[in-house]
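Trainee: sequence isn't available, so here's the structure alone:
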Ligand SMILES: Cc1ncc(COP(=O)(O)O)c(C=O)c1O
């Protein structure tokens, strides 16, 4: 069946019969949006209706939809050499060039890269590399990973175990042992600061206490997103990450920055931790590296970790591998995508447009259901609450988030609401008019569901 020949109704029926979706449940699939086209920050569905892509795909379509130059590069590379192995002993030109480019762009301490096909694979690679490193250093007991609640690190088994949203766990447990969670530095809801302590200091203290409790000799790494994305765009206080870095160094715990969302300009910097002048030991990336045009991710590791990989005997080598590591076509598209981000000044644009988005959303404090508005660069969120004074959430049975989502769709905005937090991360190329329209739609949709100023 071709798209042209199929009606939206037929497509829906075939979807329901044959396709299993991420987070699958049929109750969400009664009237799916079936996307057929994208241009800039706008997507069109099978009924011909246009929507602003409020989450830039899934936080990844940074350069916007419909970029012919990316399609041309993919075609060229596929026609020349679509695929080859990158296993030890082989390499290809786009992978080498992209690795070199990333070493220029990333934190000064990170100069080497291993490519994956996406975020979860990157985090799996990061966890295994942390364990590898400590074994190579003669500390084989250092295996545990500390992460935060509200973290999203992907849903393969170890990544799911690091993910700090418990609704991802129950139907797939038991989780991988050795994953420990601490509270997130969530300014709106954090309640563990002692008198005289800032939220950033207190949240970092929880990391130190967790390391001490587990035993520093058993902890391999701490993983954190610079800005927590799927957990609800949680921007940490400025004093959090500098202190986290000190604690990780003090206890010899590797600091893994999960920059799957925050990498490549999303926060208004090339990489998210730069805002706080902090460097990780390992960085996971994916999404924005290709703007989602092809699947690609990876980890970058510190010179010290790379050195350990270079100096183990062959029998103790880094025995980790993916068929699609260093995929030439994906790497060629990534190179072109990075060129676009640079040439069009999209990192600076993310900072500027993000300020406009956040300022616009802050006007929604006029609505009584808006509890918190937050963001950094082109990532922002509006948290809807039942009671602004107590910050009480709506009862899940009221399905407020789901109803706001439907109201936004009616008005031409497509994004995710998790569960009462409206998340926004439009393509970095979204125009000022589109940003203002997003703000207007979010406000109207909240008011339609929870009337009142
Ligand atoms: C911060 C972060 N890490 C990891 C992932 C997992 O990436 P993937 O879905 O490509 O496995 C995501 C996906 O949203 C993410 O936001």
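Mentor: Perfect, thanks for sending it. Since the model is a prediction, treat every value here as computed from it, not as a measurement.
Trainee: helices of the stretch 301-450 of the chain, start to end?
Mentor: With DSSP state H, counting those that start in this stretch as the definition, the stretch 301-450 of the chain shows helices at residue ranges 303-311, 328-343, 346-362, 400-410, 432-449.
Trainee: list the helices and strands the strand or helix carrying residue 70 packs on?
Mentor: In the assignment (DSSP states H and E), residue 70 maps to helix 68-81. Contacting helix 68-81 under the criterion 3 or more Cβ pairs under 8 Å, 6 or more residues apart in numbering; DSSP states H and E are the following elements: helix 328-343. For the C-beta atoms, the positions are set from N, CA and C on the backbone; glycine is no exception.
Trainee: tell me the angle of the helix it packs on relative to helix 346-362?
Mentor: Inter-element angle recorded for helix 328-343 and helix 346-362: 70 degrees (by axes from the mean of the first three to the mean of the last three Cα atoms, to 10 degrees).
Trainee: can you tell me the SS state at residue 155?
Mentor: Per DSSP: H, G, I helix; E, B strand; the rest coil, the local secondary structure of residue 155 is coil.
Trainee: what residues are up against the residue in the stretch 101-250 of the chain that the ligand sits nearest to?
Mentor: Closest contact between the stretch 101-250 of the chain and the ligand, by Cβ to the nearest ligand atom, is at residue 119 (2.1 Å). Residues in contact with residue 119, defined by Cβ atoms under 8 Å, 6 or more residues apart in numbering, are 153-154, 159, 258, 260, 284, 286-287, 297.
Trainee: residue 416 and residue 231, how far apart?
Mentor: If you measure residue 416 against residue 231 using Cβ to Cβ, to the nearest Å, the figure is 12 Å.
Trainee: quick one: which of these two has more around it?
Mentor: Legend: neighbour count by other Cβ atoms under 10 Å for residue 416 and residue 231, higher for residue 231 (22 against 17).
Trainee: shouldn't that one be in contact with residue 163?
Mentor: No: shown here, residue 231 and residue 163 do not form a contact pair, counting by Cβ atoms under 8 Å, at 9.1 Å.
Trainee: where do the contact lists of the two overlap?
Mentor: Between them, residue 231 and residue 163 share the contacting residues 151-152, judged by Cβ under 8 Å, 6+ apart.
Trainee: measure how buried the closest residue in space to residue 69 that isn't next to it in sequence is and give me the count.
Mentor: Once its chain neighbours are removed from consideration, residue 69 has its nearest residue in residue 336; the separation is 6.1 Å (Cβ to Cβ, 6 or more residues apart in numbering). With neighbours defined by other Cβ under 10 Å, the count for residue 336 comes to 24.
Trainee: ok, now residue 137?
Mentor: If you count neighbours by other Cβ under 10 Å, residue 137 ends up with 13.
Trainee: state the distance from residue 129 to residue 255.
Mentor: With the distance defined as Cβ to Cβ, residue 129 ends up 13 Å from residue 255.
Trainee: correction: residue 332
Mentor: For residue 332 relative to residue 255 (Cβ to Cβ), the value is 31 Å.
Trainee: quick one: pLDDT of the residue lying closest to residue 150 once chain neighbours are set aside?
Mentor: Once flanking residues are discounted, residue 150 sits nearest to residue 231: 3.0 Å by Cβ to Cβ, 6+ apart. In the predicted model, residue 231 carries a pLDDT score of 98.
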